[in-house]
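J.: need a 3D model of the following:
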Amino acid sequence: MINSKTPTDSRNDRLFRKLTLFAVITVYLLIAAGGIVRSTGSGMGCPDWPKCFGSWVPPTEAYQLPSNYKELYGAKLKGEVEFNVVKTWTEYVNRLLGVFTGILIFGTLLASVPYLRTHKSNLFYASLAAFILVGIQGWLGSKVVSTELHPLMVTLHMVVAIVIVFILIYTLIRSYPPRTNTFKNKKFLLVKQLIVLSIVLSFGQVMLGTQVREAMDGAISMLGYDARSQWIEQLGLPFYIHRSFSLVVLGVNTLLVYQIWNERKRSRLRRYLIQGVIVVILLEIFSGIVMAYFSVPAFAQPIHLTLAIVMLGTQYSLWLESTDILSAEKKQMVGTA
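T.: Got it, this is the predicted structure:
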């Protein structure tokens with residue numbers, strides 16, 4: 001594990017790392033919240049944006065709404081015009097978490113300003129990119145609502161969330177001094193290539209998952225939320241491709257785990273990350289089995305989605321850590337030449 005404090009740490013370094021770590025965790029929570037919104041059909045719980053039923057704080061009872069709210073919002077709610085307080089507040093809490101995430105990432109941007117005139121200026125620009133993307137993510141959120149959950153907008157919304165996670169992980173790991181280690185170069189380069197391949201395949205699996213989700217949305221619109229046991233039957237080819245491709249992802253990651261596990265010298269961070277890959281993949285497969293064979297329970301969908309993004313983040317952290325090691329070793333070789 002990365003030491004929380006190094007000899008050259010300043011107070012700002014420690015603050016920046018804490019804020020960035022909290023931002024990563026919050027983004028993952030936001031992704032999970034988005035999964036809960038979709039799995040419970042709460043995406044239109046607030047039919048307008050940025051307000052909810054025309055108010056900054058949504059109602060808790062139908063009588064608090066305008067008397068003609070069914071006429072005002074009936075088209076967007078597609079006939080489900082009876083006020084549902086659970087769906088409304090599920091979506092509203094998701095939005096609040098999004099605002100909190102934006103504030104936290106803005107805090108990391110402010111904490112990165114001192115790096116602007118140092119050799120760590122990349123941390124400022126990465127933090128700035130994350131903050132800009134959070135703004136874009138908020139705009140995409142409004143489009144998701146205004147387009148009434150159009151599949152393309154929902155998918156794009158998720159992709160941007162993944163990019164934000166990657167940027168924040170980059171800033172967190174790069175805020176620490178490079179770590180050195182001793183490896184046989186050919187084997188280490190092979191491991192790095194396996195990491196890249198695992199990221200590509202895992203991202204492809206996530207994109208296939210969005211196709212399954214779109215097919216499931218079609219099944220939901222046709223059968224309703226009370227017919228969960230019949231959803232899987234309606235998914236067709238995307239579901240079977242997604243399920244079969246998981247074996248490819250598992251195979252490549254198993255090979256990656258084997259190669260890193262047999263390294264003679266590996267950092268504590270590297271050991272924790274590869275253990276994380278193992279645990280997350282097993283949990284991801286288990287949650288997929290639960291969804292496929294137990295009528296797609298609502299709790300399993302956000303877990304399945306969040307685990308997929310956690311897996312991508314862990315694999316990306318491994319890649320960054322590998323790049324750090326190679327960079328440090330090259331500098332060491334130049335220094336001794």
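J.: name the SS class of residue 57, please.
T.: State at residue 57, reduced to three classes by DSSP: H, G, I helix; E, B strand; the rest coil: coil.
J.: what sits against it?
T.: Residues in contact with residue 57, defined by CB atoms under 8 Å, 6 or more residues apart in numbering, are absent; none qualify. C-betas here are computed from N, CA, C, even on glycine.
J.: what does residue 220 give?
T.: Contacts here follow CB under 8 Å, 6+ apart; on that basis residue 220 touches 41, 231.
J.: following element in sequence after whichever strand or helix holds it, please.
T.: Secondary structure here is read from DSSP states H and E; on that basis residue 220 sits in helix 185-223. Using DSSP H and E, the helix or strand that follows helix 185-223 towards the C-terminus is helix 237-261.
J.: which residues does that following helix contact?
T.: 187, 190-191, 194-195, 197-198, 201-202, 204-205, 208-209, 211-212, 214-215, 232, 266, 270, 274, 277-278, 281, 285, 288, 292, 315, 318.
J.: per-domain residue ranges of this protein.
T.: Per the record's domain assignment (automatic domain parsing), the chain is made up of the domains 11-176, 180-337.
J.: with mean pLDDT added, can I get those in TSV?
T.: Conversion of these to TSV gives the following (pLDDT from 0 to 100):
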stretch	mean pLDDT
domain 11-176	85
domain 180-337	81
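J.: got the buried residues for the strand or helix carrying residue 88?
T.: For residue 88, the element it lies in under DSSP H and E is helix 85-112. Of the residues in helix 85-112, 87-95, 97-98, 101-102, 104-109, 111-112 count as buried by neighbour count, 16 or more other CB atoms under 10 Å.
J.: next SSE after it?
T.: helix 121-146.
J.: give the other helices and strands that that following helix contacts.
T.: helix 11-39, helix 85-112, helix 151-174 (3 or more CB pairs under 8 Å, 6 or more residues apart in numbering; DSSP states H and E).
J.: and the shortest one, how far out from the chain's middle?
T.: It stands for helix 151-174. 6 Å (CA atoms, centre = their mean, to the nearest Å).
J.: relative to helix 121-146, how tilted is it?
T.: If you take axes from the mean of the first three to the mean of the last three CA atoms, to 10 degrees, helix 151-174 sits at 160 degrees to helix 121-146.
J.: residues of helix 151-174 that come out buried?
T.: Residues of helix 151-174 classed as buried under the neighbour-count rule (16+ other CB under 10 Å) are 153-158, 160-162, 164-174.
J.: what's the answer for the first one, then?
T.: By neighbour count on 16+ other CB under 10 Å, the buried set for helix 11-39 is 13, 16-17, 19-24, 26-28, 30-39.
J.: what does stretch 239-247 give?
T.: Buried residues in stretch 239-247 (16+ other CB under 10 Å): 239, 242, 246.
J.: any idea how far residue 211 is from the first one?
T.: In this case it means residue 239. Counting by CB to CB, to the nearest Å, the gap from residue 239 to residue 211 is 9 Å.
J.: so what's the residue count around residue 307?
T.: For residue 307, the count of nearby residues is 22 (other CB atoms under 10 Å).
J.: so it sits in a helix?
T.: Yes. Using three-state DSSP, the assignment for residue 307 is a helix.
J.: the residue lying closest to it once chain neighbours are set aside sits in which helix or strand?
T.: The shortest distance from residue 307 to any residue that is not its chain neighbour, by CB to CB, 6 or more residues apart in numbering, is 4.4 Å, and that residue is residue 284. Assigned by DSSP H and E, residue 284 falls within helix 268-293.
J.: which one is residue 143 nearest to, not counting chain neighbours?
T.: With CB to CB, 6+ apart as the measure, residue 153 is the residue that lies nearest to residue 143, at 5.1 Å, once sequence neighbours are left out.
J.: just residue 69 next, same as before
T.: Spatially, and ignoring its direct neighbours in sequence, residue 69 is nearest to residue 53 (6.8 Å; CB to CB, 6+ apart).
J.: residue 175 too?
T.: Nearest residue to residue 175 in three dimensions, chain neighbours excluded: residue 17, at 5.4 Å (CB to CB, 6+ apart).
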